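# Below are the sequence and a predicted model for it; my questions follow.
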Amino acid sequence: TSAAVIGCTVRAGPGAGVVFADRAGGLLEDCDISGHQLDGVVIAGRADPEVRGNRIHGCRACGILVRDGGRGTLTDNDIRGSGIAGVAVRGAGAAPAVRGNRICDGLGKGVDVHDGAAGRFEGNEISGNAMDGFVIKAGADPEGVGNR
């Protein structure tokens, strides 16, 4: 499945804002995603979408959660005010490419990679988060280049 969602507003839902699952591809671009009780965007089940140029803010869990073999390319997103982490990558096979994002002003961590996850984090601004900026836990193997 490959859909394009461009220029939308997704606000204040009881779950996650946008979910890519079951090997889905697609594009999420220039959207305003805010105030969800869970995550702003979830990429799971070997989904591999392109997520770019979005404003993801004020979600109670994670701004973007990549899990269960999810991949995806996350580029030039403004991720702010997340409760747990701006970007979280969890579980074996989860390995997004995360480039040029602003991951700022969260109530928790900026980036959290654990439980066998990987990914490439390049040129991201990670600042002003209440907890650690970039957390790598045992078993995780991300690559970080030029983040600040």
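Looks like it arrived, so ask away.

# quick one, what contacts residue 18?
Counting by Cβ atoms under 8 Å, 6 or more residues apart in numbering, residue 18 makes contact with 5, 10, 28, 31, 33, 40, 41, 42. Bear in mind the C-beta positions are built from the backbone N, C-alpha and C, glycine included.

# list the contacts for the most centrally placed residue in the chain?
By Cα atoms, centre = their mean, the chain has its centre lying nearest to residue 64, at 2.4 Å. Contact partners of residue 64, counting by Cβ under 8 Å, 6+ apart, are 39-43, 51, 56, 74, 77, 79, 86-88.

# For stretch 41-48, what is the distance to the chain centroid?
10 Å (Cα atoms, centre = their mean, to the nearest Å).

# Also stretch 63-75?
Centre to centre, stretch against its chain (Cα atoms, centre = their mean), the figure for stretch 63-75 is 6 Å.

# Repeat that for stretch 99-113.
The chain centroid and the centroid of stretch 99-113 are separated by 8 Å under Cα atoms, centre = their mean.
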